[in-house]
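Asker: any chance you could fold what I've pasted below:
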Amino acid sequence: MKFLKNILLTVVLLVVSIAKSQNFKSDKYTASDVKEMNTWQLLQYDGLNALNGVAYAYAKPFHWQKRDLYRAGATSLLVSGLYTFDNESSDYFRKQEKDVPELIRDFGWYFGSPQNNYGVTAGVYAYGLVTKDPAWRRTGVLMISSATAGGILQQILKTITGRARPETGLGRHEFRPFSGESGFGSFPSGHTVLAFTTAYALAKHFDNPYVKAGIYTVGLISPVSRLWSGAHFLTDVVLSLAITIATVEAVDRYLDTRNGYGVKRYGRGKTGQDPQKFVFKLSATSHSIGLTLNF
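Answerer: Next up is the predicted model:
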């Protein structure tokens with residue numbers, strides 16, 4: 001794992017150093033300019049956009065509008081309600097593990113593991129780069145940038161919160177910030193962040209709502225598998241999903257400001273018409289809180 005992280009860090013630093021040395025500003029190139037780039041130049045262009053996407057995702061909360069604040073408030077209310085039943089819900093999910101096929105449990109673990117997840121993400125981008133397909137390159141950049149932003153954030157939050165995992169038996173109230181022990185890394189769920197980031201970002205490439213739903217379903221296996229194993233409480237997973245969706249949406253909006261991908265968020269269809277929107281929305285009223293899927 002450490003070796004893989006060192007390789008990824010080396011690649012990132014290499015791309016940054018080359019981009020800076022050539023004053024490679026991604027916003028000064030037109031779609032025609034990018035279309036004429038060779039593979040190495042596209043790698044630089046996409047690498048810089050991926051890094052800028054990470055920065056944009058972190059800066060986005062400072063520019064939230066009223067509706068974003070409402071969503072954050074609704075999420076907080078939802079999680080607060082679920083927190084009350086964290087111990088009970090954890091007991092329920094853990095009792096279901098023995099009835100879940102081993103294949104599904106194993107998939108949940110491996111798909112959410114960094115080395116496997118990054119392999120899928122890198123494969124998607126590599127396909128777009130080799131074929132010079134702007135839509136697939138954009139999807140790959142979205143996946144890489146979102147996974148990087150979410151991955152770094154979840155490591156920081158894990159360290160700061162130090163929440164005890166359900167399997168320790170200490171309950172939902174136990175927090176030991178900066179303990180560094182694996183038993184105190186319940187929030188957020190790294191498997192959830194990586195797995196659903198990949199699924200949510202990949203689903204944006206497709207317009208068909210049924211394809212999207214299938215991808216989302218696969219992406220949710222890892223989060224649920226972590227509940228079965230007692231590695232995380234329900235609130236850990238729900239908040240991790242919220243972080244994932246917010247991160248991918250932020251990077252997606254940043255990439256819409258770039259000229260080199262030939263498509264906009266709602267302009268991928270060949271007819272020029274906007275494809276159907278298929279998004280999660282969190283809503284709240286004075287009497288209810290709900291998570292809905294609109295398409």
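Asker: residue nearest the centroid of the chain?
Answerer: Nearest to the geometric centre of the chain sits residue 197, at 2.5 Å (CA atoms, centre = their mean).
Asker: who's in contact with that one?
Answerer: 143, 146-147, 150, 244, 247-248 (CB atoms under 8 Å, 6 or more residues apart in numbering). Where C-beta positions appear, they are placed from N, C-alpha and C, glycine not excepted.
Asker: only the buried subset of those residues, as a ChimeraX command please.
Answerer: Only the buried entries of the contacts of residue 197 go into this ChimeraX selection, using 16 or more other CB atoms under 10 Å:
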select :143,146,147,150,244,247,248
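Asker: and of the contacts of residue 197, the nearest to residue 75?
Answerer: Taking CB to CB as the measure, residue 244 is the one of the contacts of residue 197 closest to residue 75, at 12.2 Å.
Asker: now whichever helix or strand that closest one is part of: buried residues?
Answerer: For residue 244, the element it lies in under DSSP states H and E is helix 234-255. Using 16+ other CB under 10 Å as the burial criterion, the residues of helix 234-255 that qualify are 234-252, 254-255.
Asker: let me have the contacts of residue 197 in a markdown table, adding distance to residue 165 and pLDDT as columns.
Answerer: Shown next, in a markdown table, are those (distance: CB to CB, whole Å; pLDDT from 0 to 100):
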| residue | distance to residue 165 | pLDDT |
| --- | --- | --- |
| 143 | 28 | 96 |
| 146 | 25 | 95 |
| 147 | 23 | 94 |
| 150 | 20 | 92 |
| 244 | 20 | 96 |
| 247 | 23 | 95 |
| 248 | 26 | 96 |
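Asker: before we move on, the earlier item: if you compare the directions of the helix or strand hosting the residue nearest to the centre of the chain and helix 234-255, what angle comes out?
Answerer: Per DSSP H and E, residue 197 falls inside helix 190-203. Calculated by axes from the mean of the first three to the mean of the last three CA atoms, to 10 degrees, helix 190-203 forms an angle of 40 degrees with helix 234-255.
Asker: just the CA coordinates of the next helix or strand after helix 190-203, formatted as PDB?
Answerer: Sequence order places helix 209-219 as the next helix or strand after helix 190-203, per DSSP H and E. Provided in PDB are the C-alpha atoms of helix 209-219 (Å, rounded to 0.1, in the frame of the first residue of the first chain):
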ATOM      1  CA  PRO A 209     -31.300   6.100 -16.200                       C
ATOM      2  CA  TYR A 210     -31.300   2.300 -15.900                       C
ATOM      3  CA  VAL A 211     -27.600   2.100 -16.600                       C
ATOM      4  CA  LYS A 212     -27.000   4.800 -14.000                       C
ATOM      5  CA  ALA A 213     -29.100   2.900 -11.400                       C
ATOM      6  CA  GLY A 214     -27.200  -0.200 -12.100                       C
ATOM      7  CA  ILE A 215     -23.900   1.600 -11.500                       C
ATOM      8  CA  TYR A 216     -25.100   3.200  -8.300                       C
ATOM      9  CA  THR A 217     -26.300  -0.200  -7.100                       C
ATOM     10  CA  VAL A 218     -22.800  -1.700  -7.600                       C
ATOM     11  CA  GLY A 219     -21.200   1.400  -5.900                       C
END
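Asker: distance of the spatially closest residue to residue 167 that is not a sequence neighbour relative to residue 157?
Answerer: Excluding the flanking residues, the one nearest residue 167 by CB to CB, 6 or more residues apart in numbering is residue 230, at 3.9 Å. As judged by CB to CB, to the nearest Å, residue 230 and residue 157 stand 20 Å apart.
Asker: output the helix holding residue 244 as PDB, nothing but the C-alphas.
Answerer: Extracted in PDB, the C-alpha atoms of helix 234-255 (Å, rounded to 0.1, in the frame of the first residue of the first chain):
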ATOM      1  CA  LEU A 234     -24.700   3.900   9.700                       C
ATOM      2  CA  THR A 235     -24.100   7.600  10.200                       C
ATOM      3  CA  ASP A 236     -20.500   7.100   9.100                       C
ATOM      4  CA  VAL A 237     -21.600   5.700   5.800                       C
ATOM      5  CA  VAL A 238     -24.400   8.200   5.300                       C
ATOM      6  CA  LEU A 239     -22.100  11.100   5.900                       C
ATOM      7  CA  SER A 240     -19.500   9.500   3.600                       C
ATOM      8  CA  LEU A 241     -22.000   9.300   0.800                       C
ATOM      9  CA  ALA A 242     -22.900  12.900   1.300                       C
ATOM     10  CA  ILE A 243     -19.200  13.900   1.100                       C
ATOM     11  CA  THR A 244     -18.800  11.800  -2.000                       C
ATOM     12  CA  ILE A 245     -21.800  13.300  -3.800                       C
ATOM     13  CA  ALA A 246     -20.800  16.900  -2.900                       C
ATOM     14  CA  THR A 247     -17.200  16.300  -4.000                       C
ATOM     15  CA  VAL A 248     -18.100  14.700  -7.400                       C
ATOM     16  CA  GLU A 249     -20.600  17.500  -8.100                       C
ATOM     17  CA  ALA A 250     -18.000  20.200  -7.300                       C
ATOM     18  CA  VAL A 251     -15.400  18.700  -9.600                       C
ATOM     19  CA  ASP A 252     -18.000  18.100 -12.300                       C
ATOM     20  CA  ARG A 253     -18.900  21.700 -12.300                       C
ATOM     21  CA  TYR A 254     -15.200  22.700 -12.500                       C
ATOM     22  CA  LEU A 255     -14.700  20.500 -15.500                       C
END
